[in-house]
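Peer 1: Sequence and predicted structure, then a few things I'm wondering about:
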Amino acid sequence: MDEPASMTAHPPLQELRLTYRRAGGETPILVAPGALRLAADRLASWLDGRTVFVLSSPPIRALHGARLEALTAPAARCVDLDVQDGEAAKTLAEAEGLWSEMLSRGGKRDSRLLAFGGGSVGDLGGFVAGCFLRGIEFVQLPTTLLAQVDAALGGKTAVDLPGGKNTVGLFHHPRAVVSDTEVLATLPRRELRSGLVESIKMAFILDAGLFAELEECLDVLLAGDVAALTPVVARSAAAKVAVVEQDERESGQRRLLNLGHTLGHALESALGYATLTHGEAVAYGLLFALRLAEGRRLDGAEPELFARLRRLLARLDLPPLPAAALDADDLLERMARDKKGRESGLTWVLPACIGGGAAEGRTVDDLPGGEVRAALLAFLAAPSADGAAGGGL
């Protein structure tokens with residue numbers, strides 16, 4: 001696997017090619033400024049003569065649609081499928097409408113789908129492609145930082161039910177992932193912040209060097225500097241691929257990537273996907289996981305590393321947690337329905353530390369419900385006690 005260039009010690013990264021090797025095939029991943037142009041020749045034979053469904057949202061088409069012209073030129077015809085931005089698009093009703101439109105527009109088993117947008121578009125697009133006519137091939141073209149560092153990678157696809165996020169889905173791997181980091185320059189600061197939370201999570205448990213670089217360069221990254229963001233995308237993608245190659249179906253080590261997501265997903269759904277972005281909710285989930293880990297006194301835990309994570313999250317200036325709108329028992333019920341749960345109960349991913357100064361995650365299955373409830377009540381009562389200043393943490 002290629003080693004991404006450092007943000008500080010090497011020239012700006014021009015291009016990174018990864019290959020995610022999995023049962024039944026491989027998924028090439030291209031990370032580069034201008035990657036959509038670079039991918040045109042590489043995807044030409046895959047698109048040649050096909051009906052291509054381009055799933056996106058009107059704002060993304062307006063901003064970046066012209067970038068697809070060369071890439072889609074070999075297609076026999078392109079059919080635009082419009083969806084809403086954000087989590088509101090990830091419903092069974094939306095998927096059903098897309099399937100009906102694809103069928104009426106002549107979709108076949110060898111048609112193609114391009115998911116062109118953020119993580120929600122990628123989740124929905126992969127799910128729609130995986131189910132239509134028992135599965136058609138698709139490519140992920142992520143346009144947000146969160147999608148490029150996490151959501152577009154690994155083959156997970158899903159839609160939401162009212163009771164929980166990503167509760168109906170399947171593993172359907174993209175034919176390729178094309179992450180054009182030039183598009184990140186148009187993202188608002190809040191979207192950059194949301195994506196950086198996922199990179200911070202990935203770095204904290206998998207890549208101590210990346211974590212240090214995020215600490216050093218956070219302000220430049222939040223300003224949308226493409227030269228700085230490109231190696232972050234590359235190193236985050238490489239870290240995730242290294243894990244999912246070992247555990248494609250999330251039965252073991254891949255579960256560590258859910259650090260911060262158990263409470264994070266519950267917060268998103270409890271707040272109607274309207275108050276916190278995914279990354280903001282995961283940031284609060286990370287802080288709650290730190291609280292649980294400290295209560296457990298895990299072997300080898302180093303308080304200074306936990307403090308570094310809190311300080312880094314504080315610098316993101318997250319919006320206040322609307323604790324008054326949240327109920328601990330409701331959140332516990334939502335977490336119990338989490339897709340990561342087992343018949344034996346909910347598995348928690350907690351941060352821990354090892355001797356070399358790097359962090360790691362551990363799965364813990366024996367957290368008593370009373371212990372979690374007490375910690376959650378304390379967290380909701382005083383989230384600012386978890387170390388941030390001015391951001392409501």
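Peer 2: Right, received. Where do you want to start?

Peer 1: C-alpha from now on. contacts and neighbour counts both.
Peer 2: OK.

Peer 1: Domain map for the protein?
Peer 2: 16-186, 259-386 (automatic domain parsing).

Peer 1: Give me the below-cutoff pLDDT ranges for this protein.
Peer 2: Scanning the chain for pLDDT under 70 picks out the ranges 1-14, 297-302, 339-345, 353-361, 366, 384-393.

Peer 1: need the strands for it, in chain order.
Peer 2: For the chain, the strands defined by DSSP state E occupy 16-22, 25-32, 51-56, 77-82, 112-117, 137-142, 156-161, 164-171, 177-180, 348-353, 359-364.

Peer 1: Need these in TSV (columns: mean neighbour count).
Peer 2: Putting the strands of the chain into TSV (neighbours: other Cα atoms under 10 Å) gives the following:
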stretch	mean neighbour count
strand 16-22	19
strand 25-32	19
strand 51-56	23
strand 77-82	16
strand 112-117	26
strand 137-142	26
strand 156-161	22
strand 164-171	18
strand 177-180	28
strand 348-353	25
strand 359-364	18
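
Peer 1: Distance to S236 added to these, as JSON lines?
Peer 2: As requested, the strands of the chain are arranged in JSON lines below (distance: least, Cα to Cα, whole Å):
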{"stretch": "strand 16-22", "distance to S236": "12"}
{"stretch": "strand 25-32", "distance to S236": "11"}
{"stretch": "strand 51-56", "distance to S236": "24"}
{"stretch": "strand 77-82", "distance to S236": "29"}
{"stretch": "strand 112-117", "distance to S236": "19"}
{"stretch": "strand 137-142", "distance to S236": "14"}
{"stretch": "strand 156-161", "distance to S236": "17"}
{"stretch": "strand 164-171", "distance to S236": "21"}
{"stretch": "strand 177-180", "distance to S236": "12"}
{"stretch": "strand 348-353", "distance to S236": "18"}
{"stretch": "strand 359-364", "distance to S236": "15"}
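
Peer 1: Select, out of these, the one closest to L377.
Peer 2: strand 348-353 (17.3 Å; Cα to Cα).

Peer 1: mind listing what's buried in stretch 57-77?
Peer 2: Buried residues in stretch 57-77, defined by neighbour count with 16 or more other Cα atoms under 10 Å: S57, R61, R67, L68, L71, T72, P74, A75.

Peer 1: for stretch 186-202, same thing?
Peer 2: Of all the residues in stretch 186-202, those buried under the rule 16+ other Cα under 10 Å are 187, 190-202.

Peer 1: What ranges does this structure have for its helices?
Peer 2: Counting by DSSP state H, the chain has helices at residues 35-47, 58-64, 69-72, 92-104, 119-131, 145-146, 189-206, 208-222, 226-244, 261-270, 278-296, 303-314, 328-336, 369-381.

Peer 1: residues of the fifth one that come out buried?
Peer 2: Buried residues in helix 119-131, counted by 16+ other Cα under 10 Å: G119, S120, V121, G122, D123, L124, G125, G126, F127, V128, A129, G130.

Peer 1: Show me the one of the domains of the chain that comes nearest Q246.
Peer 2: It's domain 16-186; of the domains of the chain, that one is closest to Q246 (Cα to Cα) at 8.6 Å.

Peer 1: what's the closest of the helices of the chain to L18?
Peer 2: helix 226-244 (7.2 Å).

Peer 1: mind checking how far that closest one is from the chain centre?
Peer 2: Distance, stretch centre to chain centre, for helix 226-244: 12 Å (Cα atoms, centre = their mean, to the nearest Å).

Peer 1: likewise stretch 131-151?
Peer 2: Centroid separation between stretch 131-151 and its chain, computed with Cα atoms, centre = their mean, is 11 Å.

Peer 1: Could you do stretch 84-103 as well?
Peer 2: How far stretch 84-103 lies from its chain's middle: 20 Å, per Cα atoms, centre = their mean.

Peer 1: Ok, stretch 97-105 next?
Peer 2: Centroid separation for stretch 97-105 versus its chain: 27 Å, with Cα atoms, centre = their mean.

Peer 1: closest one to R249 among the domains of the chain?
Peer 2: Closest among the domains of the chain, once you apply Cα to Cα, is domain 16-186, at 7.8 Å.

Peer 1: start to end distance for the closest one?
Peer 2: Start to finish, the residues bounding domain 16-186 are 21 Å apart (Cα to Cα, to the nearest Å).

Peer 1: do the same with stretch 66-82
Peer 2: Using Cα to Cα, the two ends of stretch 66-82 sit 16 Å apart.

Peer 1: Could you do stretch 65-80 as well?
Peer 2: End to end - Cα to Cα - stretch 65-80 spans 11 Å.

Peer 1: Pull the number of nearby residues for the nearest residue in space to A129 that is not next to it in sequence.
Peer 2: Spatial nearest neighbour of A129, chain neighbours left out: I136 (5.2 Å); criterion: Cα to Cα, 6 or more residues apart in numbering. Neighbours of I136 under the rule other Cα atoms under 10 Å: 20.

Peer 1: do A35 as well
Peer 2: Residues near A35, counting by other Cα under 10 Å, number 22.

Peer 1: residue contacts, the nearest residue to it once chain neighbours are set aside?
Peer 2: In space, and not counting its chain neighbours, A35 is closest to D180: 4.4 Å by Cα to Cα, 6+ apart. By Cα atoms under 8 Å, 6 or more residues apart in numbering, D180 lies in contact with V31, A32, P33, G34, A35, L36, L141, P142, T143.
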